[in-house]
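K.L.:
Any chance you can model this:
(one chain, ligands or ions: 1)
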Amino acid sequence: MSKKSVVIWDGNVRDAALSILLAVDKNQAYSNLLLNETIKRHKIEAKDRALLTEITYGTLQHKMTLDFYLEPFIRGSVDHWVRWLLRISLYQIHYLTRIPPHAAVNEAVEIAKRRGHRGIASMVNGILRSILRSGVPSTDSIEDPIERLAIETSHPEWLVQRFVANYGLEVATAMLQENNVPPVQTVRVNTTKASVEQAIEELENEGLTAQQSDIMPECLHVTNGQPARTKAFKEGLITIQDESSMIPAKVLNPSPGMRVLDMCAAPGGKTTHLAEIMNNEGSILATDLHPHKLDLIDHNTERLGLDIVETAPIDGRKAAEFLQAASFDAILVDAPCSGLGVMRRKPDIKYTKREEDLENLQKIQLALLDAATKVLKIDGKLVYSTCTVDTQENEGTVKAFLTAHPEMEAIQLESLPTKLAEKQANGMLQVFPQDFGSDGFFVAAFRKKGESN
Ligand SMILES: C[S@@+](CC[C@H](N)C(=O)[O-])C[C@H]1O[C@@H](n2cnc3c(N)ncnc32)[C@H](O)[C@@H]1O
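P.N.:
As a prediction, the model looks like this:
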């Protein structure tokens, strides 16, 4: 968050949603962080929490579509906050069937009176009631298919264009639509402390609903309740993590006793998974460019009771200057990336990311991988992962890396659950959000060849 934003809570869900969205827009606050902070600070109860989350995320997710729907009904210019009020109100009217439209209009009018004056309230009332009478306009009038898809799914045109060019219209459309579907909460069971059955039982004893995933065995889908607030979490039985983020450690699959490097490790979601897979035997060096982020890794390892992890502030691109050559059995490079696979969780990314932001990422990714090869043992395994859906940063980086490193070879992704293993091709796996309802993610694996092979 660039500026500290604090949202006042007076029990009015729509007003709080409006304040969050205004802060996200004006101060470049992150929607997920500000929403969580608001809920925590004001101890907002479950019912209000669910509606606040739904209205805030939903409005942000559908912002461009809502603007298209509102356009014919707005005459002249309206204040910034009034536009956001119209968006949250139309979001409820158009997308939330359980809220009676007149209730959404009345709430909007009250907020307009409180924040503005009677004149604004009457304009808001007029606009919303006109939409209720005549319905929202059809997108059929948009001739250009990319522009239409951009408006219908509320993504900027450059992104739609890029996805279509990379993956074709059908896959891109499914992905753009899925980005507007709220994610399922998932947690990873710390198998050094509890079995999957025990973790489910603990969570259910605390009133949550959890089921084992049919993809990743150590993953639970939590459909009711807040796992981060449970005793099971505090006692280190679980980690909050998206199911796709569990793939890289599974693919690296280090054996107990190995020496492992996790090069871009903070906040430690994958470091701790690696330590669990190693049954807390061996050693892991978890490094990150930003020293202040290393505390997050330490907190996580402590909570989970994993003591084989050491942390160090190292720029991964310079790893060979600080670490012994050919000294690691296995290395994970979970690289900085454009994050286009996680837009469901962070819808503001859609509107703030620029195409030029993506340009330098491959250079950093290649520099990290290059350094990793130097500190990897012969026959050692290297896994590269990103939480993005972009051929340049994923397949493109792999191709450039293999060209520059004849001593490295792409290898099959092993130890993956069948449904995921089936999707790999040439030592690479691209998961789209629409595949399993998890984040968009990419993983590739390599082996360092010996002298003679
Ligand atoms: C995708 S996140 C890592 C998430 C982490 N692996 C996890 O599972 O919790 C990428 C991380 O790379 C770090 N980073 C960025 N540039 C780096 C560099 N040159 N060397 C090391 N780490 C870097 C960022 O600080 C960020 O924490």
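K.L.:
burial count for the spatially closest residue to Lys377 that is not a sequence neighbour?
P.N.:
Spatial nearest neighbour of Lys377, chain neighbours left out: Ala326 (5.0 Å); criterion: C-beta to C-beta, 6 or more residues apart in numbering. Heads up, the C-betas are built off the backbone N, CA and C, glycines and all. By the measure other C-beta atoms under 10 Å, the count of residues near Ala326 is 14.
K.L.:
for the one 5 residues further on, same thing?
P.N.:
A count of nearby residues for Ile331, using other C-beta under 10 Å, gives 30.
K.L.:
Quick check: residues of the stretch 201-350 of the chain near the ligand?
P.N.:
When proximity is defined as C-beta under 6 Å from any ligand atom, the stretch 201-350 of the chain approaches the ligand at 245, 263-270, 288-290, 293, 315-317, 334, 336.
K.L.:
And those, which of them are buried?
P.N.:
Buried members of these, scored by 16 or more other C-beta atoms under 10 Å, are 245, 263-266, 268-270, 288-289, 293, 315-317, 334, 336.
K.L.:
my read: the residue nearest to Lys377 touches Ile378, true?
P.N.:
Yes - assessed by C-beta atoms under 8 Å, Ala326 is found in contact with Ile378 at 6.6 Å.
K.L.:
how about the closest residue to Met258 other than its chain neighbours, secondary structure?
P.N.:
Of all residues not flanking Met258 in the chain, Asp329 sits nearest, at 4.2 Å (C-beta to C-beta, 6+ apart). Per DSSP: H, G, I helix; E, B strand; the rest coil, the secondary structure class of Asp329 is strand.
K.L.:
show me the contacts for Asp329.
P.N.:
Residues in contact with Asp329, defined by C-beta atoms under 8 Å, 6 or more residues apart in numbering, are Pro254, Met258, Arg259, Val260, Lys377, Gly380, Lys381.
K.L.:
Pick the one among those residues closest to the ligand.
P.N.:
Val260 (12.8 Å; C-beta to the nearest ligand atom).
K.L.:
Okay, and the beta partners of the closest one?
P.N.:
Counting by DSSP bridges, Val260 is bridged to Ile284, Ala330.
K.L.:
and it, what does it touch?
P.N.:
Val260 touches 252, 254, 274, 278, 282-285, 328-332, counting by C-beta under 8 Å, 6+ apart.
K.L.:
at 7 Å instead, please
P.N.:
With contact taken as C-beta atoms under 7 Å, 6 or more residues apart in numbering, Val260 is in contact with Pro254, Leu274, Gly282, Ile284, Phe328, Asp329, Ala330.
K.L.:
Glu393 too?
P.N.:
Cys337, Ser338, Leu361, Gln362, Gln365, Thr386.
K.L.:
That one - that's part of a helix, no?
P.N.:
Yes - Glu393 forms part of a helix when assessed by three-state DSSP.
K.L.:
where does the protein have low pLDDT?
P.N.:
1-4, 451-453 (pLDDT under 70).
K.L.:
Which stretches in it count as strands?
P.N.:
Using DSSP state E, the strands of the chain run over 185-189, 209-212, 219-224, 238-240, 259-262, 283-288, 309-313, 328-334, 376-386, 408-410, 428-431, 441-448.
K.L.:
What separation do you get for Glu235 and Asn125?
P.N.:
52 Å (C-beta to C-beta, to the nearest Å).
K.L.:
same question, Ala286
P.N.:
From Ala286 across to Asn125, the span is 56 Å (C-beta to C-beta).
K.L.:
So these two - more neighbours on which side?
P.N.:
Taking other C-beta under 10 Å, Ala286 and Asn125 do not tie; Ala286 has more neighbours (28 against 16).
K.L.:
Quick check: closest non-adjacent residue to that one.
P.N.:
Ala265 (3.7 Å).
K.L.:
coming back round to it: show me the buried ones among the residues of the stretch 201-350 of the chain next to the ligand that map onto helices.
P.N.:
Among those, the members falling in helices (DSSP state H) are Gly269, Lys270.
K.L.:
Quick check: of the buried ones among the residues of the stretch 201-350 of the chain next to the ligand, which lies closest to Ser438?
P.N.:
Ser245 (8.3 Å; C-beta to C-beta).
K.L.:
Contacts only, for the closest residue to the closest one other than its chain neighbours.
P.N.:
In space, and not counting its chain neighbours, Ser245 is closest to Gly269: 5.7 Å by C-beta to C-beta, 6+ apart. When contacts are counted by C-beta under 7 Å, 6+ apart, Gly269 touches Thr239, Gln241, Ser245.
K.L.:
if we go to 8 Å?
P.N.:
Contacts of Gly269 (C-beta under 8 Å, 6+ apart): Thr239, Gln241, Ser245, Asn300.
K.L.:
repeat for Thr223
P.N.:
Here Thr223 is in contact with Val184, Gln185, Thr209, Ala210, Gln211 (C-beta under 8 Å, 6+ apart).
K.L.:
Reformat those into CSV and put neighbour count next to each item.
P.N.:
Converted to CSV, the contacts of Thr223 look like this (neighbours: other C-beta atoms under 10 Å):
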residue, neighbour count
Val184, 14
Gln185, 18
Thr209, 13
Ala210, 25
Gln211, 11
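K.L.:
So which of these is the closest to the ligand?
P.N.:
Gln185 (16.9 Å).
K.L.:
so what's the closest one closest to, chain neighbours aside?
P.N.:
Val222 is the one closest to Gln185 (C-beta to C-beta, 6+ apart), at 4.4 Å.
K.L.:
Kindly tell me how buried the one you found is, as a neighbour count.
P.N.:
20.
K.L.:
swap in Lys318?
P.N.:
If we define neighbours as other C-beta under 10 Å, then Lys318 has 12 of them.
K.L.:
wait, what's in contact with the residue nearest to it when sequence neighbours are not counted?
P.N.:
Closest residue in space to Lys318, ignoring its immediate chain neighbours: Ala371 at 6.7 Å, by C-beta to C-beta, 6+ apart. Ala371 sits next to Met263, Gly316, Arg317, Lys318, Ala319, Ala320 when contact means C-beta under 8 Å, 6+ apart.
K.L.:
Glu202 now?
P.N.:
So Glu202 contacts Ala194, Thr230, Lys231, Ala232, Leu237 (C-beta under 8 Å, 6+ apart).
K.L.:
Correct me if wrong: Lys270 contacts Asp262.
P.N.:
Yes - in this structure Lys270 lies within contact range of Asp262 using C-beta under 8 Å: 6.3 Å.
K.L.:
How is the chain partitioned into domains?
P.N.:
140-178, 185-240, 244-448 (automatic domain parsing).
K.L.:
Pull out the buried positions in the first one.
P.N.:
To tie it back to what came earlier, the one meant is domain 140-178. 142, 146, 148-156, 159-164, 166-167, 171-173, 175-176, 178.
K.L.:
so how far is the first residue of that domain from its last?
P.N.:
21 Å (C-alpha to C-alpha, to the nearest Å).
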